[in-house]
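Peer 1: sequence first, predicted model second:
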Amino acid sequence: MAGKSALATTAVFVGPGQTLPKGAAGFKLEVPETARKALTGSPKRMKALLQGYGDAIAKSRSVGRPVSFRVDVDPDGETVVTPVEVVIGAQEPAVQVIAAPDDELNASLAAARERGRLRAAEILSGEDMLSAEDFAKMLGTTRVTVNAKRQSGQILGLDGAKRGFRFPVWQLDAEGKPYAELAALHERLSGPWAVYRFLVQPHGELDGLTGREALERGKVKAALKAAESVGRDFR
């Protein structure tokens, strides 16, 4: 009724498989047990949250556009709901219209992706690329161990889709073991292919040496520093 506060229907939060308490009026919302305890632990917090949501719905309908409200929750569960502010007569924010890529741009992007796919296939088909099984035999270990070390970054493995993972034979040091710095390179760079590029491309920070050549010559600190720089450039 106009001019009077309306009482909302009660919402009862229950855990999975639980039912609405006998005699309870309202509707049931099934939530995980941890969420149920957090939500029902303080009716005051729940009231503020639902009030903010209700205000947002009403104002969105009133102004005819999406609105938002902010909810801040601290580790103790204290909740602060920032009310939606609608400034009457305020100028609508300018909307930046981004044109959809045209056919020519789409074709160029598709061609670039195809060139990248062909180049990756060419790299992975090289004689210096071994399968997990062959690489495991070279290390005197199992394929399972090789894949586990690949996942942890201790070994460089490149995903070849159709050909599966391939492992560069030159990632082994003079003792026939994968370079100990590979894990650190994976941490500094954005993925296996980024590590591969770092190892095969020359770098000014390394006086023109590739990352692999720097490791071969014992320039470990310089190589890791250069990798850190490369990683920052792509973040």
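Peer 2: Right, received. Where do you want to start? Residues are numbered from 1 along each chain as shown.

Peer 1: bridge partners for Asp159, pull those for me.
Peer 2: Applying DSSP bridges to Asp159 gives these bridge partners: Phe165.

Peer 1: which stretches of the chain form helices?
Peer 2: Taking DSSP state H as the criterion, the chain carries its helices at 33-40, 43-63, 103-124, 132-139, 143-151, 182-188, 192-200, 211-216, 220-233.

Peer 1: helices or strands up against the third one?
Peer 2: Helix 103-124 is packed against strand 158-159, with contacts defined by 3 or more C-beta pairs under 8 Å, 6 or more residues apart in numbering; DSSP states H and E. (C-beta placed from N, C-alpha, C; glycine too.)

Peer 1: and if we set it to 10 Å?
Peer 2: strand 158-159, strand 165-168, helix 192-200 (3 or more C-beta pairs under 10 Å, 6 or more residues apart in numbering; DSSP states H and E).

Peer 1: swap in the last one?
Peer 2: Of the remaining helices and strands, those touching helix 220-233 by 3+ C-beta pairs under 10 Å, 6+ apart are helix 182-188, helix 192-200, helix 211-216.

Peer 1: flag every buried residue along the last one.
Peer 2: When you say that, I think you mean helix 211-216. Burial within helix 211-216, assessed by neighbour count using 16 or more other C-beta atoms under 10 Å, is assigned to Gly211, Arg212, Glu213, Ala214, Leu215.

Peer 1: send me it as CSV with only the CA atoms.
Peer 2: This file holds the C-alpha atoms of helix 211-216, laid out as CSV (Å, rounded to 0.1, in the frame of the first residue of the first chain):
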residue,chain,number,x,y,z
GLY,A,211,69.3,-18.3,-23.8
ARG,A,212,70.5,-21.8,-24.5
GLU,A,213,74.1,-20.6,-25.4
ALA,A,214,74.2,-18.5,-22.2
LEU,A,215,73.3,-21.6,-20.1
GLU,A,216,75.9,-23.7,-22.0
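
Peer 1: I'd like the mean pLDDT over it, please.
Peer 2: Averaged across helix 211-216, the pLDDT comes to 95.

Peer 1: from now on call the first residue 10
Peer 2: Will do, 10 is the new start, and the previous item becomes helix 220-225.

Peer 1: ok, residues contacting it?
Peer 2: The contact list for helix 220-225, computed with C-beta atoms under 10 Å, 6 or more residues apart in numbering, reads 177, 179-180, 182-183, 188-191, 194, 198, 204-212, 214-216, 218-219, 228-233, 235-236, 239.

Peer 1: next one: stretch 163-173
Peer 2: Stretch 163-173 is touched from outside by 126, 129-130, 132-134, 138-142, 144, 148, 154-160, 174-177, 179-181, 187-189, 191-192, 194-195, 200-202, 204-205, 208, with contacts defined as C-beta under 10 Å, 6+ apart.
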